[in-house]
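Trainee: predicted model and sequence follow; I will ask about them next.
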Amino acid sequence: MNYNCIIKKSFINKQSMLTMKSLLMKVSMSCIMVIALAITSCAQQQKKEEKLTSKEQTNQVVLQTVKMPVNGMVCSACQSNVKKTIKSVDGVTDVEVNLEKKFAVFTFDPKKVKIEQVQKAVTDKGFEAGKPQEVKQ
Ligand SMILES: [Cu+2]
């Protein structure tokens, strides 16, 4: 191998190195672009999901369960009467009446019915409805 050849070879190497460099630059630039695009689209998708969950939350029915003292029940017929009365109120989903301990536990949708309406329904039947207390589930 002579001197000339070595120079030529190094020159070619330099040039190919340069093209390699510019190619690498282009590739990395497009890589960055793709990553940036992915991040933005990802962020948008996350926003959509957030919107969806907040929408679901507003549509969600939050039920409330209360324990209400009921006086005036003397037999199981009274008990079932009270139970039927509370259950017939629109918005009430679940009722349990305890004759011995003189209370009713019922679950209702506060958007549909107020506790006072349930109390009134019970007192209208001749029973005494006390102050309801919230039951934590
Ligand atoms: Cu009775």
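Mentor: Arrived safely.

Trainee: do you know how far residue 135 is from residue 109?
Mentor: 15 Å (CB to CB, to the nearest Å). C-betas here are computed from N, CA, C, even on glycine.

Trainee: list, one by one, the residues from the protein near the ion.
Mentor: Within the chain, the positions adjacent to the ion are 74, 75, 77, 78 by CB under 5 Å from the ion.

Trainee: output the helix or strand containing the third one as PDB - backbone C-alpha positions only.
Mentor: It stands for residue 77. For residue 77, the element it lies in under DSSP states H and E is helix 76-87. C-alpha atoms of helix 76-87 as PDB (Å, rounded to 0.1, in the frame of the first residue of the first chain):
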ATOM      1  CA  SER A  76     -95.400  -7.900  63.200                       C
ATOM      2  CA  ALA A  77     -98.300  -6.500  61.100                       C
ATOM      3  CA  CYS A  78     -97.200  -3.000  62.200                       C
ATOM      4  CA  GLN A  79     -93.700  -3.900  61.200                       C
ATOM      5  CA  SER A  80     -94.600  -5.000  57.700                       C
ATOM      6  CA  ASN A  81     -96.900  -2.100  57.400                       C
ATOM      7  CA  VAL A  82     -94.000   0.300  58.100                       C
ATOM      8  CA  LYS A  83     -91.700  -1.600  55.800                       C
ATOM      9  CA  LYS A  84     -94.300  -1.500  53.000                       C
ATOM     10  CA  THR A  85     -95.000   2.200  53.500                       C
ATOM     11  CA  ILE A  86     -91.300   3.200  53.400                       C
ATOM     12  CA  LYS A  87     -90.600   0.900  50.400                       C
END
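
Trainee: need the residues that contact the helix or strand following it.
Mentor: Counting by DSSP H and E, the next helix or strand C-terminal to helix 76-87 is strand 92-98. Residues from elsewhere that reach strand 92-98, judged by CB atoms under 8 Å, 6 or more residues apart in numbering: 63, 65, 70, 73, 79-80, 82-83, 86-87, 103-109, 113, 118.

Trainee: drop anything exposed from the residues you listed.
Mentor: 65, 70, 73, 79, 82-83, 86, 103-108, 113, 118 (16 or more other CB atoms under 10 Å).
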